[in-house]
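A.B. asks: Provided below for reference: sequence and predicted model.
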Amino acid sequence: MPVLTEPPSMGDVLKYEVNPNYTREVITLLIGMPYPGGSVLGKITASGKYTLSPATGADGSQVASAVLLYAVDATLADATGIVVTRGPSIVSRAGLAYGATVDDGSKITAKIGQLAAVGIIARDGV
């Protein structure tokens, strides 16, 4: 019998939100990669597009401000995604995906703190 594998779903990332009409936004993701569900995103100030939030930078995206709820493939063109951008909301810490430069505990803690500043709380074991 073949083994079936189900990809991660929104329920693996988002655990609570006060009201989807308040906490969610439809955004544009920058071309260049497939974004997994749970991606921690930052907004590029000049274009208003979102990308994986790097550990450092100067274009605005270095500040984590949103979490992508569904996987989106933006490999060939800018793409539309649904994100949680404000709280009160709770996401699963284990369900979050970070950019390649967010590669140690202190950088992950910094990103979680940036999300908390907009009301998105990351929790273990939810």
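C.D. replies: It's in. Numbering: from 1, shown residues only.

A.B. asks: which stretches of the protein form strands?
C.D. replies: Chain-ordered strands for the chain, with DSSP state E as the definition, fall at 14-17, 24-29, 33-35, 40-43, 50-52, 64-68, 72-74, 79-84, 89-92, 120-123.

A.B. asks: ok, and what's touching the fourth one?
C.D. replies: Contacts to strand 40-43, defined as CB atoms under 8 Å, 6 or more residues apart in numbering, come from residues 27, 29, 35, 49-54, 60-68, 83, 96-99, 102, 111, 115. The way it works is simple: take the backbone N, C-alpha and C, and place the C-beta from them, glycine included.

A.B. asks: please redo it, this time with the cut-off set to 10 Å
C.D. replies: Contact partners of strand 40-43, identified using CB atoms under 10 Å, 6 or more residues apart in numbering, comprise 27-30, 35, 49-54, 57, 59-68, 81, 83, 85, 91, 96-99, 102, 108, 111-112, 114-115, 120, 122.

A.B. asks: Export it to PDB, keeping only CA atoms.
C.D. replies: Listed next in PDB are the C-alpha coordinates belonging to strand 40-43 (Å, rounded to 0.1, in the frame of the first residue of the first chain):
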ATOM      1  CA  VAL A  40       8.000  34.600   8.800                       C
ATOM      2  CA  LEU A  41       7.800  37.600   6.500                       C
ATOM      3  CA  GLY A  42       8.900  41.200   6.400                       C
ATOM      4  CA  LYS A  43       7.600  44.000   4.200                       C
END
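
A.B. asks: Select only the buried ones of the contacts of strand 40-43 in ChimeraX?
C.D. replies: Below is the selection syntax for ChimeraX that covers the buried ones among the contacts of strand 40-43, with 16 or more other CB atoms under 10 Å defining burial:
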select :27,28,29,30,35,49,50,51,52,53,54,60,61,62,63,64,65,66,67,68,81,83,85,91,96,97,98,99,102,108,111,112,114,115,120,122
